[in-house]
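Q: this is a predicted model, with the sequence first.
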Amino acid sequence: MMKTITTIALVTMSGSALAQSGLDIDRAYAAELRADTNTRSSLLGSSGSALDVSIFTQFRYSYNTRDEIAGAAPFGDNDTTIGFSTPRTQIRMSGGVEGTDLNGYVSFDFGGAFDHGMSDGGATGDGGATLREAYATWGLDDNWTFLFGQLKNPFSAESNVAAEHSQGVERSLTNSFFDVGYSQAIALNYSDDEWRFTAVLADGPSHWAVGNTANTYYTAASEADFSLTGRLDWLISGNWDQFNDFASWQGSNTGFRVGAGLHWSQMGGSNPILGGNNDTITVTAWTLDAQYEGDGWGVFASYTSVKMELDLIVGDSLDRTDDGFVLQGNVFFTDQFEAFARYDVIFLDSDATAFLPITAGAEDQYSMFTLGFNYYLVPESHAARFSMDIGFGLDETTGLDSLGYTDGSTTGYLGGPGAEDEMNIRAQFSLLF
């Protein structure tokens, strides 16, 4: 581990020594565009021997309060939680093999957000380096690309938007719960001016709302035996670059995109399942989403459904279906100041408490409303951004903390026994260089 960290530090310092002093906005904006690991079309099929290095970091302050319920431990008089954090600090490196159409991408994360959620699963939040992505791309022609290694599963449109391009301080609570996450995989991608399609064969998550750690061995009991994922996007108007983020700058052309994802995974058929009375666990998920961008404003919506089926070693089989919905909109009042609002909700199966990790007493619906703003230090650039938002739990949040991958240190919602009227305020500065 020390050798890995030392190597990363040397590469970073050598890159910095060659760069101009201070914040070079043009370079930062170029790095920001390169950083979206799921829309790296400019690198696919290109070649070169230069190593590109970029760094992304977030510094956040969080304030959470929820009503105290008499006798509901562990609250007591401690119904307010505040503090600073650095949820994401990432080093990203990319380069190509001279004379070929092979390119590589590697990223490490030192932040606390990477160890929670299927969107990020991995580390312990202690500041240590965790491998986030390590994959290669082989450009077969102008439209087709083959990928292999550890990469982000493309199931969710909201999660496919890089963290520095997401709306507000953090992605929705619903996305945190339903996202598939990272896995070792092979993938085939097709892209033209109207359509994008990706098919992925991977190890997959262990089972929904539990996830799997990044960079695990194929024998790990925390992984599925295998998973299949497909995602299709149709660009009705505009261009693909518009949908690398949720911001629709003033003066932008109209753009409209719709998409769908399908995921299937199974575990227990060849590898043992970690703990429990389960023989096999099968997950089937689908999602539909749409995004519209106008002149200085935009709208995004998605619906996701996940069915999990458990075949027990002893006793009857169990199944559970959870659903989620996200609706958000944004508008620019100046070329640097953007306001946004988001409503998202998780609908749990009425039998959800029969499945770990959801505990007895948990609610079967969690709906949230978020209102906030972004201030971009440089117009039309995500290189340096200040964000602030306030979120409200519209339902009781009892048991929310037991959902596993909706960790409060990242999402801002802490839940707990008897929690209600929960509110969280977050302020964050993001920097990419």
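A: The structure has been received and is ready for your questions.

Q: any low-confidence regions in the stretch 201-350 of the chain?
A: Where the stretch 201-350 of the chain drops to pLDDT under 70, the residues are 205-214, 269, 271-278, 313-315.

Q: just how off-centre is stretch 224-235 within its chain?
A: Chain-centre distance of stretch 224-235: 16 Å, with Cα atoms, centre = their mean, to the nearest Å.

Q: check stretch 302-322 too.
A: Remark: stretch 302-322 is offset 23 Å from the chain centroid, using Cα atoms, centre = their mean.

Q: do the same with stretch 368-380
A: That offset, for stretch 368-380, works out to 18 Å (Cα atoms, centre = their mean).

Q: cool, and stretch 87-94?
A: For stretch 87-94, the separation from the chain centroid amounts to 14 Å (computed by Cα atoms, centre = their mean).

Q: can you check stretch 152-169 too?
A: Computed by Cα atoms, centre = their mean, the chain-centroid distance of stretch 152-169 equals 5 Å.

Q: so what would you say the end-to-end distance of that stretch is?
A: From its first residue to its last, stretch 152-169 covers 21 Å (Cα to Cα, to the nearest Å).

Q: which parts of stretch 236-246 are buried?
A: Under the neighbour-count criterion of 16 or more other Cβ atoms under 10 Å, stretch 236-246 has Gly238, Trp240, Gln242, Phe243, Asn244, Asp245, Phe246 buried. In this view, the C-beta of every residue, glycine as well, is placed from N, C-alpha and C.

Q: ignore the last one, stretch 220-228
A: Buried-residue list, stretch 220-228, by 16+ other Cβ under 10 Å: Ala220, Ser222, Glu223, Ala224, Asp225, Phe226, Ser227.

Q: which of those fall within strands?
A: Taking DSSP state E as the definition of strands, the buried residues of stretch 220-228 contribute Phe226, Ser227.

Q: how about Val345: what's its closest non-neighbour residue?
A: Distance criterion Cβ to Cβ, 6 or more residues apart in numbering; nearest residue to Val345, sequence neighbours excluded, is Ser367 at 3.9 Å.

Q: check the gap between that neighbour and Thr65 for me.
A: 18 Å (Cβ to Cβ, to the nearest Å).

Q: what do you get for Glu293?
A: Going from Glu293 to Thr65 by Cβ to Cβ gives 35 Å.

Q: what residues are bridge-paired with the residue nearest to Phe333 when sequence neighbours are not counted?
A: Spatial nearest neighbour of Phe333, excluding adjacent residues (Cβ to Cβ, 6+ apart): Ala339 at 6.6 Å. Here Ala339 sits in beta bridges with Val331, Phe373, going by DSSP bridges.

Q: wait, what's in contact with Ala339?
A: Taking Cβ atoms under 8 Å, 6 or more residues apart in numbering as the contact definition, Ala339 lies against Asn330, Val331, Phe333, Leu371, Gly372, Phe373.

Q: count of residues packed around the second one?
A: If I follow you right, that is Val331. When neighbours are counted by other Cβ atoms under 10 Å, Val331 registers 16.

Q: all further residue positions should be reported with the first residue as 92.
A: Sure, I'll start counting at 92 from here, so that last one is Val422.

Q: surely it touches Asp386?
A: No: in this structure, Val422 is not within contact of Asp386 by Cβ atoms under 8 Å, at 10.2 Å.

Q: follow-up on the earlier one: which one among the buried residues of stretch 311-319 gets closest to Asn251?
A: Closest approach between the buried residues of stretch 311-319 and Asn251, by Cβ to Cβ: Ser318, at 16.8 Å.

Q: quick revisit: could the buried residues of stretch 311-319 be laid out in a markdown table, adding distance to Asp143?
A: Below are the buried residues of stretch 311-319 laid out as a markdown table (distance: Cβ to Cβ, whole Å):
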| residue | distance to Asp143 |
| --- | --- |
| Ala311 | 32 |
| Ser313 | 33 |
| Glu314 | 31 |
| Ala315 | 33 |
| Asp316 | 36 |
| Phe317 | 33 |
| Ser318 | 31 |
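
Q: list just the nearest of the buried residues of stretch 311-319 to Thr502.
A: Taking the buried residues of stretch 311-319 together and measuring to Thr502 by Cβ to Cβ, the closest member is Ser313, at 22.0 Å.

Q: would Glu249 count as being in a helix?
A: Yes: under DSSP: H, G, I helix; E, B strand; the rest coil, Glu249 falls within a helix.

Q: setting aside sequence neighbours, what's the nearest residue to Ile327?
A: Nearest residue to Ile327 in three dimensions, chain neighbours excluded: Phe347, at 4.4 Å (Cβ to Cβ, 6+ apart).

Q: could you do Phe239 as well?
A: Leaving aside its chain neighbours, Phe239 sits nearest to Ile277 (4.7 Å; criterion: Cβ to Cβ, 6+ apart).

Q: let's verify the one you found: helix, strand, or coil?
A: When classified by three-state DSSP, Ile277 comes out as strand.

Q: quick check: it touching Leu292?
A: Yes: taking Cβ under 8 Å as the definition, Ile277 is a contact partner of Leu292 at 5.4 Å.

Q: all the helices of the stretch 192-341 of the chain, residue numbers only.
A: 248-251, 264-269 (DSSP state H, counting those that start in this stretch).

Q: which strands and helices sit next to the first one?
A: If I follow you right, that is helix 248-251. Applying 3 or more Cβ pairs under 8 Å, 6 or more residues apart in numbering; DSSP states H and E, we find helix 248-251 packed against strand 369-384, strand 388-403.

Q: let me have those strands in JSON lines, extended by distance to Gln519.
A: As requested, those are exported to JSON lines (distance: least, Cβ to Cβ, whole Å):
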{"stretch": "strand 369-384", "distance to Gln519": "23"}
{"stretch": "strand 388-403", "distance to Gln519": "20"}
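
Q: could those go into a markdown table alongside distance to Phe520 and mean neighbour count?
A: Formatted as a markdown table, the helices and strands packed on helix 248-251 follow (distance: least, Cβ to Cβ, whole Å; neighbours: other Cβ atoms under 10 Å):
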| stretch | distance to Phe520 | mean neighbour count |
| --- | --- | --- |
| strand 369-384 | 25 | 19 |
| strand 388-403 | 23 | 19 |
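
Q: of all those, which one comes closest to Ser267?
A: Evaluated with Cβ to Cβ, the helices and strands packed on helix 248-251 place strand 388-403 nearest to Ser267, the distance being 11.7 Å.

Q: and stretch 222-238, what's buried?
A: Using 16+ other Cβ under 10 Å as the test for burial, stretch 222-238 gives Leu222, Arg223, Glu224, Ala225, Tyr226, Ala227, Thr228, Trp229, Gly230, Thr236, Phe237, Leu238.
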